[in-house]
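Q: after the sequence you'll find the predicted model.
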Amino acid sequence: MSGVADQLFGMHGNALALRSQRLALLASNIANAATPGYKARDIDFAKALDAANQGSTVDKAAGDALGYRVPLEPSLDGNTVELSTEQTIFAENAVQYRTTLSFLEGRINTVMQALKGE
Amino acid sequence: MSGPMSVFDIAGRAMSAQLVRLNTTASNLANAGSVSGTEAGAFRAMKPVFGVVTDQPGVATVKVDRIDTSQVAPTKRHDPAHPLADKDGNVWEASVDSAAEMVEMIETSRQYQNNVQVLQTAKTLTLDTLRLGK
């Protein structure tokens, strides 16, 4: 994000990109629910958003904030995906993505109104 | 694979892997109780082994690495009246644990459903993003 888009959308542009990356991470965890030895991963969203807002690229910010999920109960085959956890966080992330979309929608409407002089 | 892996690739390929798992379970259940005249000829349960396909760190989908056959020996049963019985009057019954296969089937269908849900959510969110500003 840079220039006009940054001024218009503030941190919501970065937030949307990070939410979308997190969606792929959580989808990967759910996809590998039955893969022996797979370690579930997630990003520390607050940390990633901070880094992105301070000028880091979204990809780098997400990469730096990437960590492993600590399972509640270890499984015998070394897989650390707990479907209930992943599904809850996936749903939460989807709602937060929607929320960010609403913020952007509002911003776009405001700017359009200003441009049209209504 | 060209370009980064999308949520659609991740969930789609996971669904095909789960489908392979469902197929092997169906074969195992279909062959449960089948009888052979030799130990080598008896059916042994199949089980797919999943492996990770990594794109970038943390972004990964799943594939079927290989399909293993069960190490459990077929059950030897003394049944001289059986038409397939060998000269000692023994037959071998397929090494399939029906209860375990049923559990596997339910787990597979749940995980398939989860991936469908992921796909649906990703689709809705992508379409909503496309509608932004309209």
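A: Yep, that arrived. Numbers count the residues shown, from 1 in each chain, chains lettered A, B, ... in the order given.
Q: only C-alpha atoms for contact and neighbour calcs from this point on.
A: Will do.
Q: hmm, the helix or strand harbouring B:V62 touching chain A?
A: In the assignment (DSSP states H and E), B:V62 maps to strand B:59-69. Yes - for strand B:59-69, a contact with chain A is found by C-alpha under 8 Å from any C-alpha of the partner chain, at B:V59, B:A60, B:T61, B:V62.
Q: list the buried residues in that strand.
A: Neighbour counts over strand B:59-69 (16 or more other C-alpha atoms under 10 Å in any protein chain shown) mark B:V59, B:A60, B:T61, B:V62, B:K63, B:V64 as buried.
Q: helices or strands up against that strand?
A: helix A:12-31, helix B:7-31, strand B:46-56 (3 or more C-alpha pairs under 8 Å, 6 or more residues apart in numbering or on different chains; DSSP states H and E).
Q: tabulate the ones you listed (JSON lines), appending mean neighbour count, mean pLDDT and distance to A:A48.
A: As requested, those are exported to JSON lines (neighbours: other C-alpha atoms under 10 Å in any protein chain shown; pLDDT from 0 to 100; distance: least, C-alpha to C-alpha, whole Å):
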{"stretch": "helix A:12-31", "mean neighbour count": "25", "mean pLDDT": "94", "distance to A:A48": "8"}
{"stretch": "helix B:7-31", "mean neighbour count": "21", "mean pLDDT": "95", "distance to A:A48": "20"}
{"stretch": "strand B:46-56", "mean neighbour count": "17", "mean pLDDT": "93", "distance to A:A48": "17"}
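Q: please identify which of those is closest to B:V116.
A: Closest of the helices and strands packed on strand B:59-69 to B:V116 is helix B:7-31, at 7.2 Å (criterion: C-alpha to C-alpha).
Q: and for the closest one, what's in contact with it?
A: A:23-24, A:27-28, A:31-32, B:43-48, B:50, B:60-64, B:94, B:96, B:98, B:101, B:104-105, B:108-109, B:111-112, B:115-116, B:118-119, B:122 (C-alpha atoms under 8 Å, 6 or more residues apart in numbering or on different chains).
Q: going by distance to B:D128, which of the buried residues of strand B:59-69 wins?
A: B:V59 (22.9 Å).
Q: surely that closest one meets A:A24?
A: Yes - look at B:V59 against A:A24 with C-alpha atoms under 8 Å: they come within range, at 6.3 Å.
Q: that older thread, mind putting the residues of strand B:59-69 next to chain A into TSV with pLDDT?
A: What follows is the residues of strand B:59-69 next to chain A, written out as TSV (pLDDT from 0 to 100):
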residue	pLDDT
B:V59	92
B:A60	93
B:T61	93
B:V62	94
